[in-house]
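Engineer: Give the three-dimensional model of this entry:
(one chain, ligands or ions: 2)
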Amino acid sequence: MLEIHQIPVLSDNYVYLALDVETGKTAVIDPAVHEEVLAALDEKGWMLSHILNTHHHADHTGGNLALKERIGCRIVGPRADRDRIPGIDVALGEGDTFTLGKSVARVFDVPGHTRGHIAYWFEADNALFCGDTLFALGCDRLFEGTPQQMWDSLSKLRALPPQTRVYCAHEYTQANAAFAVTVEPQNRALVARKAVIDDFRAIGRRTVPSILAEELATNPFLRPDSPDLQRTLGMEGAPLVDVFAETRRRKDRF
Ligand code: ZN
Ligand code: FE
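Structural biologist: Ligands and ions are numbered 1, 2, ... in the order given. Okay, the predicted model is just below:
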């Protein structure tokens, strides 16, 4: 069993600590920075054993070397991008598992945002650490990948159990919601969720993690099969990857 602690850092990043309760082993996921991570470990009394990176961007790996130097933890990251992960010890990809004490994560290759991007799914805890691939009500830009790659990646995540908690790496939800209602204005669940998100953000409350079931119902990047979305885009019956690509293009310009 995992206990998960969320640390907001920089302007909108989330770093996570995951404690394997039985053994005391602790991983940090995407440490953008090191000082806040050290402070949180100290406050919790948790001992860091691993750094898990989803991809190479500095706002996910910026704390790697300082944490490794001070604590001697092992750094785990995407095999497809091992040359760009500072201090990497263990490179993982599709079908691999990562074991933290008694907790086991399945690893998925989810490229599209970057060439090498992985997600960690702790099935027994219904916890998905997906970096910048899937956000609450969004997904990140396709800096190094194609729409087909990103759609394949999101399709893997979309197939996970609906009760999965989505621990993404950014608090972008309110801006994502503002866009989402422009492409699926008829979606009542989406309109209702946007109202809750706006209320939450007005008082500085976090909207992450979310539950995959609500993403399936409201996140336009997981919904290219929605007839309403297809109609808004003028793409009724088009291949899902094309609908996804057009949704992403519109978000880039929003
Ligand atoms: Zn990124
Ligand atoms: Fe990021």
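
Engineer: who's in contact with whatever residue of the stretch 101-250 of the chain ends up closest to ligand 1?
Structural biologist: As assessed by C-beta to the ion, ligand 1 sits closest to residue 132 within the stretch 101-250 of the chain, at 3.8 Å. The C-beta positions use only the backbone N, C-alpha and C, and glycine is treated the same way. Contact partners of residue 132, counting by C-beta atoms under 8 Å, 6 or more residues apart in numbering, are 54, 55, 57, 60, 113, 114, 117, 139, 140, 168, 169, 170.

Engineer: Distance of the closest residue to it other than its chain neighbours relative to residue 122?
Structural biologist: Excluding the flanking residues, the one nearest residue 132 by C-beta to C-beta, 6 or more residues apart in numbering is residue 140, at 3.9 Å. As judged by C-beta to C-beta, to the nearest Å, residue 140 and residue 122 stand 22 Å apart.

Engineer: Just the buried residues of stretch 143-153, please?
Structural biologist: Buried residues in stretch 143-153, counted by 16 or more other C-beta atoms under 10 Å: 144, 145, 147, 149, 150, 151, 152, 153.

Engineer: swap in stretch 231-250?
Structural biologist: Those would be 232, 233, 235, 241, 242, 243, 244, 245, 246, 247, 248, for stretch 231-250 by 16+ other C-beta under 10 Å.

Engineer: Surely residue 59 and residue 10 touch.
Structural biologist: Yes. In this structure, residue 59 is within contact of residue 10 by C-beta atoms under 8 Å, at 6.2 Å.

Engineer: Who has more neighbours out of these two?
Structural biologist: Higher neighbour count among residue 59 and residue 10: residue 59, with 19 against 14, using other C-beta atoms under 10 Å.

Engineer: A helix includes that one, no?
Structural biologist: Yes. Using DSSP: H, G, I helix; E, B strand; the rest coil, the secondary structure at residue 59 is a helix.

Engineer: If anything else comes up later, I'll come back, but that's it for now.
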